[in-house]
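Enquirer: Sequence and predicted structure below; questions after.
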Number of protein chains: 2
Amino acid sequence: MEVDMATSDIKSLFEKSKEFKNKTLEIKAWVTSNRGNKKIRFISINDGSTVQSLQVTCKGEKFDFDKLDQIHLGAAVEVKGIVALTPKAQQPLELVATKVKLLRDADLDFPIQKQGINLETLRDIPHVRHRTNLLRATMLIRSTLAKEVNKYFDEHGYLYFNAPIITSNDGEGAGETFVVNDGNSKDPFFGTRKATLGVTGQLHAESYAIGFKKVYTFAPTFRAEHSNTKKHAAEFWMIEPEVAFYELKDAIKLADDMLKSVIKNTIKKHPAEFKFLNETVDKGLLERLNHFLKTKLSVIDYRDAIKELAKVKDQFENQDIEFGLDLATEHERYISEKIFNGPVAVINFPKSFKAFYMQQNDDNETVAAFDLLVPGIGELIGGSQREVRYDKLLQRALEVGISQEELQWYLDLRRFGDSGSSGFGVGFERLVMYVTGVDNIRDVIPYPRTSGNIKM
Amino acid sequence: MEVDMATSDIKSLFEKSKEFKNKTLEIKAWVTSNRGNKKIRFISINDGSTVQSLQVTCKGEKFDFDKLDQIHLGAAVEVKGIVALTPKAQQPLELVATKVKLLRDADLDFPIQKQGINLETLRDIPHVRHRTNLLRATMLIRSTLAKEVNKYFDEHGYLYFNAPIITSNDGEGAGETFVVNDGNSKDPFFGTRKATLGVTGQLHAESYAIGFKKVYTFAPTFRAEHSNTKKHAAEFWMIEPEVAFYELKDAIKLADDMLKSVIKNTIKKHPAEFKFLNETVDKGLLERLNHFLKTKLSVIDYRDAIKELAKVKDQFENQDIEFGLDLATEHERYISEKIFNGPVAVINFPKSFKAFYMQQNDDNETVAAFDLLVPGIGELIGGSQREVRYDKLLQRALEVGISQEELQWYLDLRRFGDSGSSGFGVGFERLVMYVTGVDNIRDVIPYPRTSGNIKM
């Protein structure tokens, strides 16, 4: 009996091997190894559905072994064969080939000749590096994480909202944006207004939360930061839910629930990929993720966190531990790893280094913001309750140098039935790094853009 | 018994009204109408889950009717009450209020004071126009269409691929791109390379199709076209699947199946919204969509289409009906409406006006491309089989003025196991327009960007 082509990807084959026993299968895929002799040949193929390759065994007179020997790594082939379970071998099954057809060979300079190429070398060849096991596993998980994020918000009744990318607003009040149209060129597309690439969709999302109640964005955002770190890219995807009537505590609960749900489902769908990453990238990966999943989120006030950090300030590079300190990764990791040994939300930050739109607390010094920190990485999510009082919002905007004229539409939301909303932003690539254990953002984005770097 | 807040949005209430009978409900929402007298007050509220508003009836001594009378349209309220089925009334149920709490009133200049505001006026206030029924219905359907697209590709085993937005490649070979970094400024972010906003993710998606087999993008794309039509925006979302080993006919089949599946599921989820649009925007909407769903896709060769059009050329504005004509909307609509009365794929277009990467047919004049046309709108999807032969691809790229150096990575895919792929692009907003019947792209994008126009 011929198995339906629609289900015959290699992932299904490994996951439901018993159902495929002795069945005839036809698969198109790419060669990942090719060894043997003139009498028997073992060709491993991968179709991108899993990090695992399928061994295709060729023996018997029907094969031209000289020809098989000449098939290079990376070649596209079509194989037909019978699934044989091999319970004693390393892999649970193989395909005993009846036909191997070379569809398109790969030239000898195909760069992926072995799996152990270092990541830096691979960054020069983003158009083929996903054909290594490491990038393959990472990109499969990236894709599933994105899908699970969409599913989570769909199941919880959120509107998927598309904020504009090109904007005349500057959401964070920060200056590091890409200019699309300076308004001074001969025939400026948007007239005299300065247009930049958005750093957040939040302000626009707030307008839709009023009316749709629960909305989220999942879209590219841009920062023209010249910093060259493992954590920063000029172009990255952000997930930004915004919920009307939510207060700070509700947003924190949502962040925790969303993260745990998305990570749990992703792990469940990728046993082979997580096994691979746990063995090759980070031996503590699965333990850390499972610990995260089962640990209740703690909450600590920023002032209390500062007190705790001050007690052990000797161990930090930045030792100015006092109110007003914008926590660095070393502090964040200490809080989540040493103090709580688990995920923790730090709340009520000084307003001095937080965005203008955050709800001002009664102490006049702090805002109703939170950062969600996790062991091993530090900040994963940042969010806040939004300032709902028109006067306070305007005052803070002016203080940080935003013109009222530019912001009037956003201010007006407060006059039109806005009874408050809360939300947060998840840097999607930060999440992918946390979940895969890959520690450089350049290796979790297909074609990363960083300062001075725009390949292909 | 108190019903779970999580299920108590107004959409669920209307859809499962019998389950809610006599139950106590608490809902936060916005006021869409407020009428009555000193003894009874009818306040309609909407929470954004559906185009339908819920009537809240307030009567009895517990209410301060002077206060209720002062609640303005757009106000945020929290109401508590008991669900009463009203089978004889226009709406199947109402909420008999026990409590109405004003959370935040709306100022009197809240712009949405009646539903019949014309669309042009609404375009000036994108931050509140979604609080009209028309925009509410449109944006709900937009969101669901996006979710169904994601679900379709997930269920069919596709990798969700994120192509770079900022690119040094120019996918279509067309010049109308936004420049992000001209390479001449003092401290150019990307060095000396010209960086533009992507017009397509396809070239990059092709590289991932080789290795992952089935991939798709769903992301913003940009065109700096100064044309001011109902169909063009400078920023819009594109869906671009790319499948290795697929030929033209497979891509056409995928496009047809994807469209029908996504549209069918979206209609099923929005009975109230489609009823509303069918009554107010386009009385033929549901009939047209249902006709599309049940009609088999036809296929016609471009040369045959030209012959048919030439026979009736008197009825067109552009009457130069001969080989080489880039079909205009009037021709496309004639083909799908008059010749086929249903969806049709025109295939094998002259290479002269198609992109360089399309597979060249043996006649040396045409390429293996298709446009999927639908009645009422014309082209909805364009796609092709990609040129897999290195020499032919290079030659065509050079002919249209693309430098080999810039394109080398893409050319090299053909040397590294690329046995051919096919794919297509769906302008997401074009799809939303087709499905909602809304005929101006500015009204299906939350914050549209067009030539000279960047509000908020």
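Expert: Done, it's in. Residues are numbered from 1 along each chain as shown, chains lettered A, B, ... in the order given.
Enquirer: Contacts for the worst-scoring helix or strand of chain A on mean pLDDT next, please.
Expert: For chain A, counting by mean pLDDT, DSSP states H and E, strand A:179-181 ranks last in confidence among helices and strands (a mean of 81). The contact list for strand A:179-181 (Cβ atoms under 8 Å, 6 or more residues apart in numbering or on different chains) reads A:166, A:188-190, A:193-197, B:178-180, B:197. Where you see a C-beta, it was placed from the backbone N, CA and C, and this is true even at glycine.
Enquirer: For the residue in the stretch 301-450 of chain A positioned nearest to chain B, pull up the helix or strand it's in.
Expert: Using Cβ to the nearest Cβ, the point where the stretch 301-450 of chain A gets nearest to chain B is A:Ser419, with a distance of 3.7 Å. Applying DSSP states H and E as the criterion places A:Ser419 outside every helix and strand.
Enquirer: Would you check that it makes contact with B:Ala76?
Expert: Yes. At 3.9 Å, A:Ser419 counts as touching B:Ala76 under the criterion of Cβ atoms under 8 Å.
Enquirer: okay, now A:Arg131: neighbour count?
Expert: Residues lying near A:Arg131 (other Cβ atoms under 10 Å in any protein chain shown) number 27.
Enquirer: for the one 10 residues further on, same thing?
Expert: Around A:Ile141 sit 23 other residues, with neighbours defined as other Cβ under 10 Å.
Enquirer: Can you give me the domain assignment for chain A?
Expert: Per the record's domain assignment (the TED database), chain A is made up of the domains A:10-104, A:129-443.
Enquirer: For B:Thr366, find the nearest of those domains.
Expert: Comparing the domains of chain A by their distance to B:Thr366 (Cβ to Cβ), the top pick is domain A:10-104, with 23.4 Å.
Enquirer: just checking, which of the domains of chain A sits deepest inside the structure?
Expert: domain A:129-443 (a mean of 20; mean count of other Cβ atoms under 10 Å in any protein chain shown).
Enquirer: follow-up on the earlier one: next, show the common contact partners of A:Ser419 and B:Ala76.
Expert: A:Ala244, A:Phe245, B:Lys28, B:Leu103, B:Arg104.
Enquirer: just checking, which of these belong to strands?
Expert: Using DSSP state E, the subset of these located in strands is A:Ala244, B:Lys28, B:Leu103, B:Arg104.
Enquirer: Please, which helix or strand holds the residue of chain A lying at maximal distance from its centre?
Expert: The outermost residue of chain A, judged against the average C-alpha position, is A:Glu61 (49.2 Å), by Cα atoms, centre = their mean. With elements taken from DSSP H and E, nothing contains A:Glu61; it lies in neither a helix nor a strand.
Enquirer: Check what pLDDT it gets.
Expert: On the pLDDT scale, A:Glu61 is placed at 93.
Enquirer: pLDDT below threshold where in the stretch 151-300 of chain A?
Expert: Counting by pLDDT under 70, the stretch 151-300 of chain A shows low-confidence ranges at A:170-175, A:182-186.
Enquirer: how about the strands in it?
Expert: Secondary structure of the stretch 151-300 of chain A (DSSP state E, counting those that start in this stretch): strands at A:159-160, A:166-167, A:179-181, A:195-197, A:214-222, A:235-244, A:298-301.
Enquirer: Show me which residues of the stretch 301-450 of chain A sit near chain B.
Expert: Where proximity means Cβ under 8 Å from any Cβ of the partner chain, the interface of the stretch 301-450 of chain A facing chain B comprises A:388, A:409-410, A:412-413, A:415-420, A:445-449.
Enquirer: now the helices for the stretch 51-200 of chain A?
Expert: For the stretch 51-200 of chain A, the helices defined by DSSP state H, counting those that start in this stretch occupy A:65-69, A:119-123, A:133-155.
Enquirer: Equivalent analysis for the stretch 251-400 of chain A, please.
Expert: Going by DSSP H, counting those that start in this stretch, the stretch 251-400 of chain A shows helices at A:271-280, A:285-294, A:302-311, A:329-333, A:390-399.
Enquirer: Using PDB, write out the CA atom coordinates for the third one.
Expert: What that stands for is helix A:302-311. Output in PDB follows, covering the C-alpha atoms of helix A:302-311 (Å, rounded to 0.1, in the frame of the first residue of the first chain):
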ATOM      1  CA  TYR A 302      12.300  47.500  42.000                       C
ATOM      2  CA  ARG A 303      13.200  49.200  45.300                       C
ATOM      3  CA  ASP A 304      13.400  45.800  47.000                       C
ATOM      4  CA  ALA A 305      15.500  44.400  44.200                       C
ATOM      5  CA  ILE A 306      17.900  47.300  44.600                       C
ATOM      6  CA  LYS A 307      18.200  46.600  48.300                       C
ATOM      7  CA  GLU A 308      19.000  42.900  47.600                       C
ATOM      8  CA  LEU A 309      21.500  43.800  44.800                       C
ATOM      9  CA  ALA A 310      23.300  46.400  47.000                       C
ATOM     10  CA  LYS A 311      24.000  43.700  49.600                       C
END
